[in-house]
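A.B. asks: Pasting the sequence and the predicted model now:
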Amino acid sequence: MNNVFDSEDIRVLRNSVREFGEKYLAPVAVRIDRENIVPDDVIRAAAEMGYFALRVPEKYGGPGLSTLESAVVVEELARYSSAVSIMATVSGTMVAYPLVHYANDELKREYLERLANGEIGAFALTEPCCGTDAAAVTTRAVLDGDEWVINGRKTFITNSPYASFFLVAARTGKPEDRHRGVSLFVVDKSDCIEVSKLEMMGYRGSGTSEVVFEGCRVPKQNLVGEVNKGFKIVMDALNEGRIITAATGLGVMQAAFDEALNYAKQRESMGKPLVEHQMVQYMLAEMKLRLEAARTLIYTAAVKVDNGDDDYPMWSSIAKLAAAKWGVDLVRMAMQVLGGIGYSKESPVERHYRDIKMIEIGDGTNEVQRMVIVKALLGKVRAPRR
Ligand SMILES: Cc1cc2nc3c(=O)[nH]c(=O)nc-3n(C[C@H](O)[C@H](O)[C@H](O)COP(=O)(O)OP(=O)(O)OC[C@H]3O[C@@H](n4cnc5c(N)ncnc54)[C@H](O)[C@@H]3O)c2cc1C
């Protein structure tokens, strides 16, 4: 494959992830999906590669990847296992990125080094009451002496059973303060946290869970940024994270496309391979169009983050929306090309079909991406000033 974004360094990185995927993920991808858990040895191997610390700078022992490089890593991981790919997305970017940009030096030293050493972080924003309406979070943090005491319930939190710490958005102001009353905390896994794994349709194995915080005490300095200023940090994390989430969808799209193309070359109908039938050719062309268009938008958005362009939040939402919409279309067509076998558990496309739908929901739904795009067009969304 050739695209204008692939420098020699990116090609080397891509190939190294492919080698990892062939060795560690391909043999267990079906099991991960069926049993809803990633085996310990796979987690250890992924941690050793630095996949749970993608954005952690080298000075803290991390790989120090750019947004584009991180996108390429999770894309390649997702071709083999969507679960490991989204785990890397959350820990390596959505947890690491806000710590890099907003945490105090002490927090950075401890938690970035822990990620670099292979620990996994989780990003706890969504609650049973509110996902899209994140400014309404009800989890509370109250200062008691030198400690914050945190109580509340989060849901759909990726990585929870594997995580050794959580980045938690909690209310420190009044409910009517909305986004101006939200702060962000690092909370270590301990007895005050109860994790209940959920049975999700796709991205199975990534540990999506309900998480209850009951009287969790954290030191005062575990506040990330300033009191009541956490919402901006969360939005900043999502603006980048969306591109990486879109890239996991891109990997699923690529895997489904490859399956469909191979099948169309081998399967015969009415005396010739499927690929020679015009209506199948139409589907393959439409799939390739969506695949490369999504790839181009995702990489463009990633480069915009890396360049610090002011309009990257809009491009992040454009890329996420494109990968979600076109991804669902593409995998539906891939299943159509495979016919009955595509609808059976014998084909990986059945898993890809369940996986790709997540991209329309997680990290902001399609509706949210449309809102961000229009807000940006009206000049109400810009890259953060740090
Ligand atoms: C597999 C998976 C992993 C996830 N991982 C994480 C994680 O690690 N951390 C985390 O914090 N969250 C996580 N989430 C949660 C995810 O971000 C939310 O599910 C998502 O933001 C939608 O929120 P919701 O489910 O509460 O839906 P709701 O907000 O209730 O929305 C329901 C529907 O209404 C629409 N809607 C809502 N408000 C509006 C509006 N104002 N205008 C127009 N339409 C609207 C939505 O677009 C959607 O179609 C995960 C979700 C999934 C499925």
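C.D. replies: It's in. Residues are numbered from 1 along each chain as shown.
A.B. asks: what residues does the stretch 1-150 of the chain put near the ligand?
C.D. replies: Within the stretch 1-150 of the chain, the positions adjacent to the ligand are Val90, Phe123, Ala124, Leu125, Thr126, Gly131, Thr132 by Cβ under 6 Å from any ligand atom. In this view, the C-beta of every residue, glycine as well, is placed from N, C-alpha and C.
A.B. asks: Test my guess that the last one contacts Asn366.
C.D. replies: No. Under the contact definition of Cβ atoms under 8 Å, Thr132 does not touch Asn366, with a separation of 10.9 Å.
A.B. asks: Please say which of the two ends up with more neighbours.
C.D. replies: Asn366 (16 against 13; other Cβ atoms under 10 Å).
A.B. asks: which residues does whichever residue of the stretch 101-250 of the chain sits closest to the ligand contact?
C.D. replies: Closest approach between the stretch 101-250 of the chain and the ligand, counting by Cβ to the nearest ligand atom: Gly131, at 1.9 Å. Taking Cβ atoms under 8 Å, 6 or more residues apart in numbering, we find Gly131 in contact with Phe156.
A.B. asks: got the phi/psi numbers for it?
C.D. replies: Main-chain dihedrals, Gly131, degrees, to the nearest 10: phi -110, psi -70.
A.B. asks: Stretch 242-253 close to the ligand?
C.D. replies: No. Using Cβ under 6 Å from any ligand atom, we find that stretch 242-253 stays clear of the ligand, coming within 9.1 Å at best.
A.B. asks: how far does that stretch sit from the chain's center?
C.D. replies: 7 Å (Cα atoms, centre = their mean, to the nearest Å).
A.B. asks: Using PDB, write out every CA atom in that stretch.
C.D. replies: Listed next in PDB are the C-alpha coordinates belonging to stretch 242-253 (Å, rounded to 0.1, in the frame of the first residue of the first chain):
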ATOM      1  CA  ARG A 242     -11.400  11.100  18.200                       C
ATOM      2  CA  ILE A 243      -8.800  10.900  15.400                       C
ATOM      3  CA  ILE A 244      -7.200   7.800  17.000                       C
ATOM      4  CA  THR A 245     -10.600   6.200  17.600                       C
ATOM      5  CA  ALA A 246     -11.400   6.800  13.900                       C
ATOM      6  CA  ALA A 247      -8.100   5.100  13.100                       C
ATOM      7  CA  THR A 248      -9.100   2.000  15.000                       C
ATOM      8  CA  GLY A 249     -12.200   2.000  12.800                       C
ATOM      9  CA  LEU A 250      -9.900   2.400   9.700                       C
ATOM     10  CA  GLY A 251      -8.100  -0.800  10.700                       C
ATOM     11  CA  VAL A 252     -11.500  -2.600  10.900                       C
ATOM     12  CA  MET A 253     -12.400  -1.200   7.500                       C
END
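A.B. asks: Could you pull out the buried residues of that stretch?
C.D. replies: Arg242, Ile243, Ile244, Thr245, Ala246, Ala247, Thr248, Gly249, Leu250, Gly251, Val252, Met253 (16 or more other Cβ atoms under 10 Å).
A.B. asks: and it, average pLDDT?
C.D. replies: Across stretch 242-253, pLDDT averages out at 98.
A.B. asks: what do you get for stretch 37-56?
C.D. replies: Per-residue scores along stretch 37-56 average to 98.
A.B. asks: Stretch 210-228 too?
C.D. replies: 98.
A.B. asks: if I look at Lys345, how far off is the ligand?
C.D. replies: Distance of Lys345 to the ligand, given as Cβ to the nearest ligand atom, to the nearest Å: 20 Å.
A.B. asks: what about that residue, how many neighbours?
C.D. replies: 10.
A.B. asks: any idea how far the residue nearest to Val337 when sequence neighbours are not counted is from Tyr282?
C.D. replies: Distances taken as Cβ to Cβ, 6 or more residues apart in numbering place Ala260 nearest to Val337, at 4.1 Å, with adjacent residues excluded. Distance, Ala260 to Tyr282, by Cβ to Cβ, to the nearest Å: 12 Å.
A.B. asks: which of these two has more neighbours?
C.D. replies: Taking neighbours as other Cβ under 10 Å, Ala260 and Tyr282 compare with Ala260 leading, 28 against 11.
A.B. asks: wait, doesn't the more buried one sit right on Leu338?
C.D. replies: Yes. Shown here, Ala260 and Leu338 form a contact pair, counting by Cβ under 8 Å, at 6.4 Å.
A.B. asks: Overlap in contacts, these two.
C.D. replies: Val349.
A.B. asks: going on from the helix or strand Ala141 falls within, what's the next piece of helix or strand?
C.D. replies: Using DSSP states H and E, Ala141 sits within strand 140-144. Per DSSP H and E, the first helix or strand lying C-terminal to strand 140-144 is strand 147-157.
A.B. asks: Could you give the separation between the terminal residues of stretch 266-286?
C.D. replies: 20 Å (Cα to Cα, to the nearest Å).
A.B. asks: pLDDT on that stretch, on average?
C.D. replies: Mean predicted confidence for stretch 266-286 is 98.
A.B. asks: low-scoring stretches of this structure, by residue?
C.D. replies: Within the chain, the stretches with pLDDT under 70 are 1-2.
A.B. asks: how about a cut-off of 80?
C.D. replies: 1-2, 385-386 (pLDDT under 80).
A.B. asks: mind checking the backbone torsions on the residue lying farthest from the centre of it?
C.D. replies: Distance from the C-alpha centroid of the chain peaks at Gly271, with 43.9 Å (Cα atoms, centre = their mean). Backbone torsions of Gly271, given as degrees, to the nearest 10, read phi 80, psi 0.
A.B. asks: separation between it and Leu338?
C.D. replies: Taking Cβ to Cβ, one finds Gly271 at 20 Å from Leu338.
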